[in-house]
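Participant: how would this look folded up:
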Amino acid sequence: MKIYKVKVNGKLYEVELEEVKESAGSIAAPAAAPAATPAAAPVAGGTKVPAPMAGKILDIKVATGAKVAKGDTIAILEAMKLENEIKSPAAGTVKAICVQKGAMVNNGDALIVLE
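Facilitator: A predicted model of the protein is given here:
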């Protein structure tokens, strides 16, 4: 680790940077810690509703077996201190809920599967 001083808008900050090595066209970095909650098993078939961004699931607004219309709010995702309503991309029935309230998700993770 190296410590650098950075001046931003007249204010001085100290930052620590870790050196990474480049090998075979990619950068090798330390492995990330495992997620706090395991990902749900993928569900075959159906329309997967992906997380549009990384964040925390604040609420799931539907239950398995519930009928939803296109545009219905199916979940609330908190990202960067903002609550984002996740809307159903199509009408259908909730086949599976892949996340739990309080779970951290990454961009593209399946939240709900519709059939």
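Participant: per-residue pLDDT, residue 71?
Facilitator: Predicted confidence (pLDDT) for residue 71: 93.
Participant: cool, and residue 15?
Facilitator: 84.
Participant: And residue 8, by the same measure?
Facilitator: For residue 8, the predicted pLDDT is 84.
Participant: Now the element after whichever helix or strand residue 6 is part of, going C-ward?
Facilitator: Element membership for residue 6, per DSSP states H and E: strand 2-8. Downstream of strand 2-8, the first helix or strand assigned by DSSP H and E is strand 11-17.
Participant: rewinding a little: for the strand holding residue 6, the distance to its chain's centre please.
Facilitator: Average the C-alpha atoms of strand 2-8, do the same for its chain, and the two points are 30 Å apart (CA atoms, centre = their mean, to the nearest Å).
Participant: With just CA atoms, put it into CSV.
Facilitator: Backbone C-alpha positions of strand 2-8 (Å, rounded to 0.1, in the frame of the first residue of the first chain) are rendered in CSV as follows:
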residue,chain,number,x,y,z
LYS,A,2,1.2,3.5,-0.8
ILE,A,3,-0.2,6.6,0.8
TYR,A,4,-0.7,9.7,-1.4
LYS,A,5,-1.9,13.2,-0.6
VAL,A,6,-4.5,14.6,-2.9
LYS,A,7,-5.8,18.2,-3.0
VAL,A,8,-9.5,18.6,-4.1
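Participant: So what touches that strand?
Facilitator: 12-19 (CB atoms under 8 Å, 6 or more residues apart in numbering). Backbone N, C-alpha and C define where each C-beta goes, glycine included.
Participant: now swap in stretch 56-76 and tell me
Facilitator: Applying CB under 8 Å, 6+ apart, the contact partners of stretch 56-76 are 49, 77-79, 83-97, 99-105, 111-112, 114.
Participant: change it to 7 Å
Facilitator: Contact partners of stretch 56-76, identified using CB atoms under 7 Å, 6 or more residues apart in numbering, comprise 49, 77-78, 83, 85-94, 96-97, 99-105, 111-112, 114.
Participant: Report the buried residues of it.
Facilitator: 57, 60, 62, 68, 74-76 (16 or more other CB atoms under 10 Å).
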